[in-house]
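> below: sequence and its predicted model.
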Amino acid sequence: TKHVIKNIQWTTAKNFTVERGRQQIEELISTWDIHESWLHHSEFLDDEELKDSKRYYYRVCWGLPTRRKPVPRATASVYFVIVISKFQPDTVPVQVFYRLESSRLIRRPEQCQFREKWLQDIIENKIVCIERL
């Protein structure tokens, strides 16, 4: 069966604000097929002015708290970049990219469906490292 990649309608450059970017990242996350036991927190980190674009950086930190361990032993972060081109009309939607904290691979929401397993792998690897120390 073919997977349908879920995406959202991203705001235009003209209507973009830092808070709108964070809200849209939350909206995107709500389309991901992730179990409800995962909790997350999203935050704006920084912006950067480049010759051809302006970039806005965000982090979404994920954890699996339980009744016995309300503070997770480890968390997994997903880093987002929202790019506004200086060469395209401001009516064009912003571009969005994300990467996992353990990876250099940059993904686009419209090209790749997010997988819960990626978060599990990051946390499992961190716990293995913690236990070795």
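Yep, that arrived.
> where does this structure dip in pLDDT?
When residues are selected by pLDDT under 70, those of the chain lie in 1-3.
> which helices and strands sit right next to the lengthiest helix in the chain?
The helix spanning the most residues in the chain, taking DSSP state H as the definition, is helix 116-132. The contact analysis (3 or more Cβ pairs under 8 Å, 6 or more residues apart in numbering; DSSP states H and E) places helix 116-132 against strand 76-85. In short, each C-beta sits where N, CA and C put it, glycine included.
> can I get the strand it packs on in PDB? Just the C-alpha atoms.
C-alpha atoms of strand 76-85 as PDB (Å, rounded to 0.1, in the frame of the first residue of the first chain):
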ATOM      1  CA  ALA A  76      14.600  13.400  21.400                       C
ATOM      2  CA  SER A  77      14.700  16.700  19.500                       C
ATOM      3  CA  VAL A  78      13.500  17.600  16.000                       C
ATOM      4  CA  TYR A  79      15.000  20.800  14.600                       C
ATOM      5  CA  PHE A  80      13.000  22.800  12.000                       C
ATOM      6  CA  VAL A  81      14.100  25.600   9.700                       C
ATOM      7  CA  ILE A  82      11.500  27.900   8.000                       C
ATOM      8  CA  VAL A  83      13.100  29.700   5.100                       C
ATOM      9  CA  ILE A  84      11.800  32.900   3.500                       C
ATOM     10  CA  SER A  85      13.400  33.600   0.100                       C
END
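> what ranges do the strands span in this structure?
39-49, 53-63, 76-85, 95-100 (DSSP state E).
> and the shortest one with strand 76-85, angle?
With axes from the mean of the first three to the mean of the last three Cα atoms, to 10 degrees defining the directions, strand 95-100 sits at 160 degrees from strand 76-85.
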